[in-house]
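S.K.: Give me a 3D structure for the following:
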Amino acid sequence: MSDDLREDLLATRRAKLERLRADGIDPFPSSYPGVGPIAAIHAAHADLPDGTDTEDAYRVAGRIHARRGQGKMAFVDLDDRSGRIQLQAKLDVLGEERMERLLALDLGDLIGVDGTLFRSRRGELTLRVDDFAVLAKSLRPPPDKHHGLADVELRYRRRELDLMTDEAARQVFIDRARIVSSVRRTLDDDGFVEVETPVLQPLYGGALARPFTTHHNALDRTLYLRIATELYLKRCIVGGLERVYEMGKDFRNEGLSPKHNPEFTMIEWYEAYGDYTDAMRRVEEVVSAAAAAVDYDGEVSFAAPWPRIPLATAIQERSGVDVLAHRDEAALSAAIAAQGLDLPTADRTWPQLVDDLLSKYVEPELQSPTFLTDYPIELSPFAKADPERDGLTERFEAFCFGMEIANGYSELNDPDEQRRRFEAQVRLADAGDDETAPYDEVFVQALEQGMPPTAGVGLGIDRLVMVLTDRRTIREVVLFPAMRD
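M.R.: This is a model prediction of the structure:
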């Protein structure tokens with residue numbers, strides 16, 4: 001569309017706005033009570049025969065999607081969140097002035113309608129317009145009703161236009177809400193307590209990631225947007241809450257990808273007197289319930305039990321490298337080179353190399369729900385050591401469709417061991433790893449009060465929604481994702 005044509009369209013719509021005001025009509029009224037969802041009308045009259053009139057009156061409201069006809073009779077398609085219905089406007093019902101005003105409205109205008117229901121001879125459920133009201137005059141034309149938004153990036157930048165024109169996009173975010181409600185309900189029904197912990201933290205922790213940094217003027221101190229809720233939630237366990245969870249935003253200052261958004265939604269839950277096997281069973285329960293909440297009917301099954309494969313076994317089967325036989329970066333780099341793998345090893349620590357092998361050779365192959373278990377201690381600074389296998393921890397990650405969706409473990413509750421783990425993380429940071437856990441003495445002191453055996457899980461809500469709505473990029477399931485200028 002040329003700039004001149006666009007300006008003409010905007011000018012025409014604004015002139016119509018002023019005409020409404022000149023006629024004494026408020027184009028932006030305060031309310032319109034008594035509106036019912038369009039989907040409820042369809043559900044109540046699904047069996048109404050073609051060509052049948054009723055005396056059933058309804059009040060609906062929504063956006064004008066299409067319009068056909070002029071003169072004595074016209075048809076308007078009206079959309080609300082739940083669906084679409086056809087409106088029939090007749091001159092002998094509305095009168096000449098009201099009919100003219102209705103036909104002068106533009107696509108995208110929001111109106112409310114009182115009407116009487118019938119099904120046309122062609123089988124279209126229709127409301128005969130008895131009265132209508134302008135609820136919001138649209139001063140910009142909507143995207144093309146047949147093609148929607150062809151520009152993918154514009155869909156993310158102007159999500160309101162995407163939602164306006166794409167029923168499937170609206171359904172994703174309705175399903176997202178159902179998934180969130182299901183996750184909460186599953187935990188609530190089993191005695192968990194939802195809590196809230198700080199988003200601005202004096203010391204970030206609970207994950208291996210780079211933080212966003214900010215400054216608190218009144219306190220004159222550096223603060224961090226949280227990368228996880230873990231350490232605060234475990235302090236709640238220490239305090240005796242025993243089963244807690246928090247759902248909210250975490251922030252990690254890392255790159256963008258189809259699986260990563262720097263601001264993301266996570267739920268973490270902690271359960272006293274459980275271990276990582278209990279945590280895996282609860283992940284299966286939470287995810288399968290969420291799948292049922294949105295009537296998931298995709299290509300994989302979320303029914304328990306999911307396969308459980310040791311991490312080292314999975315890496316060796318897919319890359320040929322036995323990471324546990326090469327426990328320092330030089331030996332592991334040599335083993336990677338010996339296998340002829342296309343994997344940079346310069347300036348990478350041992351944990352980073354293990355994670356690189358996982359990300360490149362294992363993760364993409366895990367399409368069905370799968371647990372990788374028994375992670376090396378170097379990758380798991382907060383997980384309890386396996387009592388029978390030296391150097392491993394009681395930790396798992398859950399994968400589906402080639403990405404991690406959850407991480408959990410038997411929580412380390414020995415304060416002396418936790419202190420040693422923090423010190424090891426500091427050494428890794430000194431060696432150049434910028435995604436390590438900083439030393440948190442306050443957390444160690446909380447553990448010194450005594451924390452019971454505890455199972456903990458972090459489940460990514462955005463990725464879970466991707467899995468259950470069959471979306472392959474996180475931008476499809478985040479309403480307003482981070483974008484470049």
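S.K.: which residues of the stretch 351-485 of the chain fall in helices?
M.R.: 415-430, 441-448, 461-469 (DSSP state H, counting those that start in this stretch).
S.K.: what's the following helix or strand after the helix or strand where Tyr245 lies?
M.R.: Using DSSP states H and E, Tyr245 sits in strand 243-251. Sequence order places strand 263-272 as the next helix or strand after strand 243-251, per DSSP H and E.
S.K.: continuing past whichever helix in the chain runs longest, what's the next helix or strand?
M.R.: Using DSSP state H to define each element, the chain has its longest helix at helix 167-189. Downstream of helix 167-189, the next assigned helix or strand under DSSP H and E is strand 193-194.
S.K.: Work out the gap between the longest helix of the chain and the centre of the chain.
M.R.: 9 Å (Cα atoms, centre = their mean, to the nearest Å).
S.K.: And for stretch 401-411?
M.R.: 16 Å.
S.K.: do the same with stretch 351-362
M.R.: With Cα atoms, centre = their mean, you get 25 Å for stretch 351-362.
S.K.: For that stretch, buried residues please.
M.R.: Going by neighbour count (16 or more other Cβ atoms under 10 Å), the buried part of stretch 351-362 is 351-358, 361-362. C-betas here are computed from N, CA, C, even on glycine.
S.K.: coming back round to it: and among the helices of the stretch 351-485 of the chain, the most buried is which?
M.R.: Highest mean neighbour count of the helices of the stretch 351-485 of the chain: helix 461-469, a mean of 24 (counted as mean count of other Cβ atoms under 10 Å).
S.K.: remind me which residues of the chain are low pLDDT?
M.R.: 1, 145-148 (pLDDT under 70).
S.K.: And the strands in the stretch 301-450 of the chain?
M.R.: 308-310, 370-373, 395-400, 403-410 (DSSP state E, counting those that start in this stretch).
S.K.: what number of residues lie near Ala150?
M.R.: Here the number of neighbours of Ala150 (other Cβ atoms under 10 Å) works out to 9.
S.K.: now swap in the one 4 residues further on and tell me
M.R.: Using other Cβ under 10 Å as the criterion, Leu154 is surrounded by 13 other residues.
S.K.: how much space between it and Asp130?
M.R.: Separation of Leu154 from Asp130 (Cβ to Cβ, to the nearest Å) stands at 39 Å.
S.K.: Same question for Lys234.
M.R.: Counting by Cβ to Cβ, the gap from Lys234 to Asp130 is 61 Å.
S.K.: thinking again about what came up before, farthest pair in the buried residues of stretch 351-362?
M.R.: Pro351 and Tyr361 (16.2 Å; Cβ to Cβ).
S.K.: Could you pull up the contacting residues of the nearest residue to Arg252 once chain neighbours are set aside?
M.R.: Among residues not flanking Arg252 along the chain, Ala209 sits closest, at 4.1 Å (Cβ to Cβ, 6 or more residues apart in numbering). Ala209 makes contacts with 227-228, 252-254, 435, as judged by Cβ atoms under 8 Å, 6 or more residues apart in numbering.
S.K.: And for Tyr204?
M.R.: For Tyr204, counting by Cβ under 8 Å, 6+ apart, the contacting residues are 211, 224-227, 438.
S.K.: bridging residues for the nearest residue to Thr454 once chain neighbours are set aside?
M.R.: Closest residue to Thr454 apart from its sequence neighbours, by Cβ to Cβ, 6+ apart: Glu411 at 4.2 Å. Per DSSP bridges, the residues bridged to Glu411 are Ala383.
S.K.: right, so of the helices of the stretch 351-485 of the chain, which gets closest to Arg119?
M.R.: helix 461-469 (32.6 Å).
S.K.: Identify the residues contacting the closest one?
M.R.: 171-172, 175-176, 179-180, 183, 247, 259, 261, 264-267, 287, 290-291, 294, 296, 298, 400-401, 403-405, 471-474, 476-478.
S.K.: Buried residues in the longest helix of the chain, which are they?
M.R.: Buried-residue list, helix 167-189, by 16+ other Cβ under 10 Å: 169-170, 172-173, 175-176, 178-180, 182-184, 186-187.
S.K.: got it, and stretch 150-163?
M.R.: 155-156, 159, 161-163.
S.K.: Please identify the deepest-packed of the strands of the stretch 301-450 of the chain.
M.R.: The highest mean neighbour count among the strands of the stretch 301-450 of the chain, using mean count of other Cβ under 10 Å, belongs to strand 395-400: a mean of 25.
S.K.: That one to strand 403-410, inter-axis angle?
M.R.: 160 degrees (axes from the mean of the first three to the mean of the last three Cα atoms, to 10 degrees).
S.K.: Give me the distance from strand 395-400 to the chain's centre.
M.R.: 18 Å.
S.K.: partner strands of that strand, parallel or antiparallel?
M.R.: By DSSP bridges, strand 395-400 pairs with strand 370-373 (antiparallel), strand 403-410 (antiparallel).
S.K.: Closest one to Ser138 out of the buried residues of helix 167-189, please.
M.R.: For the buried residues of helix 167-189, the nearest to Ser138 is Arg170 (17.7 Å; Cβ to Cβ).
S.K.: Tell me how far the closest one lies from Arg176.
M.R.: From Arg170 to Arg176 the distance is 11 Å (Cβ to Cβ).
S.K.: same deal with Thr469?
M.R.: 7 Å.
S.K.: now Gln86
M.R.: 29 Å.
S.K.: Show residues contacting stretch 301-318.
M.R.: 280-281, 284-285, 287-288, 291, 296, 321-324, 354, 357-358, 361-362, 365, 368-376, 396-398.
S.K.: Let's see that with 6 Å instead.
M.R.: 284, 287-288, 291, 322-324, 357, 361-362, 369-375 (Cβ atoms under 6 Å, 6 or more residues apart in numbering).
S.K.: do stretch 174-181 as well
M.R.: In contact with stretch 174-181 (Cβ under 6 Å, 6+ apart) are residues 290, 293-294, 465, 469.
S.K.: Just the CA trace of that stretch, in PDB.
M.R.: Output in PDB follows, covering the C-alpha atoms of stretch 174-181 (Å, rounded to 0.1, in the frame of the first residue of the first chain):
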ATOM      1  CA  ILE A 174      -5.900 -19.400  25.400                       C
ATOM      2  CA  ASP A 175      -4.200 -22.800  25.600                       C
ATOM      3  CA  ARG A 176      -1.300 -21.200  27.400                       C
ATOM      4  CA  ALA A 177      -3.600 -20.000  30.100                       C
ATOM      5  CA  ARG A 178      -5.200 -23.400  30.400                       C
ATOM      6  CA  ILE A 179      -1.700 -25.000  30.700                       C
ATOM      7  CA  VAL A 180      -0.700 -22.500  33.500                       C
ATOM      8  CA  SER A 181      -4.000 -23.100  35.300                       C
END
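S.K.: Could you chop the chain up by domain?
M.R.: Residue ranges for each domain of the chain read 3-142, 167-307+368-476, as given by automatic domain parsing.
S.K.: among these, which is the most enclosed?
M.R.: Sorting the domains of the chain by mean neighbours (by mean count of other Cβ under 10 Å), the first place falls to domain 167-307+368-476, with a mean of 18.
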